[in-house]
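1. I would like the atomic coordinates for the input below:
(one chain, ligands or ions: 1)
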Amino acid sequence: MTLEYRHSHTAENFGTTYEDSFKRKNYKNFIYQWEREVVSQIFRDCKPDNYLDFACGTGRITRIAEGLVDNINGVDVSESMLGVAREQVKSANFILEDITRGEFKPERKFDFVSSFRFFTNAQPSLRKEVFESLLDLMTDDSYFLFNLHMNSTSSFALAARGYETLFGKREGFNHLDLKTMDRDFQLLKHFDVVSVHTKGVLPVVREGKERSNTFFRVVGGVESVASYLPLHSFFSKYHIVLCKRK
Ligand SMILES: C[S@@+](CC[C@H](N)C(=O)[O-])C[C@H]1O[C@@H](n2cnc3c(N)ncnc32)[C@H](O)[C@@H]1O
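-> Residues are numbered from 1 along each chain as shown. The predicted model follows:
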């Protein structure tokens with residue numbers, strides 16, 4: 001686990017490298033296309049007015065709101081990541097701020113807040129601080145959309161945890177599930193879960209590696225058949241969770 005996740009994406013040019021890693025013909029891109037479909041449908045269904053993408057990074061998720069949401073905002077602590085976001089998402093308002101420091105004071109509260117690829121890798125103390133800060137920024141009926149990109153019970157995480165039991169802890173391997181989030185900061189006391197969308201039962205390693213069309217045909221086929229099977233969510237690596245404030 002990164003000791004201080006706040007500083008993990010601040011190096012010069014990190015934003016460009018991060019952005020590029022989702023644009024290749026790789027498994028990351030395959031999952032990103034699925035995320036785009038799920039998130040755009042959620043925006044159509046929820047019709048938010050004032051949207052905040054927390055830890056927006058390069059605006060990978062923020063940009064899905066373009067044309068679907070009137071007021072689009074992103075906040076992140078990394079100038080390098082925001083530099084790319086400002087290039088990519090012209091209609092959004094991006095703010096350089098660490099929301100846990102109490103200096104982010106928007107004029108209006110948000111009725112839709114998202115956070116992708118943050119909670120799984122942030123250290124537990126930061127997860128909790130962020131969650132509490134986000135609650136203060138949300139309206140009483142706000143939606144909260146987040147993802148878990150290494151669900152603890154996924155086939156991938158189970159295999160990796162088995163490996164760690166045998167050979168010791170691997171640096172950088174973090175996993176998280178809803179149960180742990182609820183235990184650590186009482187997520188379900190504040191929110192009802194509206195829907196959970198899942199993908200990634202196959203434990204594909206080296207997500208950034210470029211692959212052939214055959215690879216994507218086989219993986220895509222297996223994933224769509226698997227989506228009809230019981231326990232599909234349990235074994236899936238990627239979860240997108242839509243919650244609504246109680
Ligand atoms: C893996 S990136 C995710 C970016 C984007 N949400 C995505 O899905 O591609 C995690 C981001 O969290 C940001 N971050 C970490 N701690 C933060 C904090 N306390 N306040 C704002 N942003 C933070 C990092 O700078 C980084 O850009």
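2. For the rest of this, base every contact and every neighbour count on C-alpha atoms.
-> OK.
3. Which residues does the longest strand along the chain contact?
-> Criterion DSSP state E: the longest strand present in the chain is strand 138-148. Contact partners of strand 138-148, identified using Cα atoms under 8 Å, 6 or more residues apart in numbering, comprise 109-117, 119-120, 176-177, 237-246.
4. Helices of this protein, start to end?
-> Taking DSSP state H, the helices of the chain run over residues 14-21, 27-46, 79-88, 124-137, 155-167, 178-185, 187-190, 213-226, 232-235.
5. between those helices, which gets nearest to residue 57?
-> Closest approach to residue 57 among the helices of the chain (Cα to Cα): helix 79-88, 4.8 Å.
6. Tell me what angle that closest one forms with helix 14-21.
-> 60 degrees (axes from the mean of the first three to the mean of the last three Cα atoms, to 10 degrees).
7. Return the distance of helix 79-88 from the chain's centre.
-> Distance, stretch centre to chain centre, for helix 79-88: 17 Å (Cα atoms, centre = their mean, to the nearest Å).
8. The longest strand of the chain pairs with which strands, parallel or anti?
-> strand 110-115 (parallel), strand 238-245 (antiparallel) (DSSP bridges).
9. orientation of the first one relative to helix 27-46 in degrees?
-> With the same axes, to 10 degrees as the basis, strand 110-115 and helix 27-46 are set at 170 degrees to each other.
10. so how far is strand 110-115 from its chain's centroid?
-> For strand 110-115, the distance to the chain centre is 12 Å (Cα atoms, centre = their mean).
11. tell me the average confidence for that strand?
-> Strand 110-115 shows a mean pLDDT of 98.
12. Using PDB, write out every CA atom in it.
-> Below are the C-alpha coordinates for strand 110-115, written out as PDB (Å, rounded to 0.1, in the frame of the first residue of the first chain):
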ATOM      1  CA  PHE A 110     -23.100  18.600  -5.700                       C
ATOM      2  CA  ASP A 111     -26.000  16.300  -6.500                       C
ATOM      3  CA  PHE A 112     -23.700  13.700  -8.100                       C
ATOM      4  CA  VAL A 113     -20.200  12.800  -7.000                       C
ATOM      5  CA  SER A 114     -18.000  10.100  -8.500                       C
ATOM      6  CA  SER A 115     -14.600   8.700  -7.600                       C
END
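13. Check which residues of that strand are buried.
-> 110, 111, 112, 113, 114, 115 (16 or more other Cα atoms under 10 Å).
14. Among these, which one sits closest to the ligand?
-> Proximity of the buried residues of strand 110-115 to the ligand (Cα to the nearest ligand atom) peaks at residue 115, which lies at 5.8 Å.
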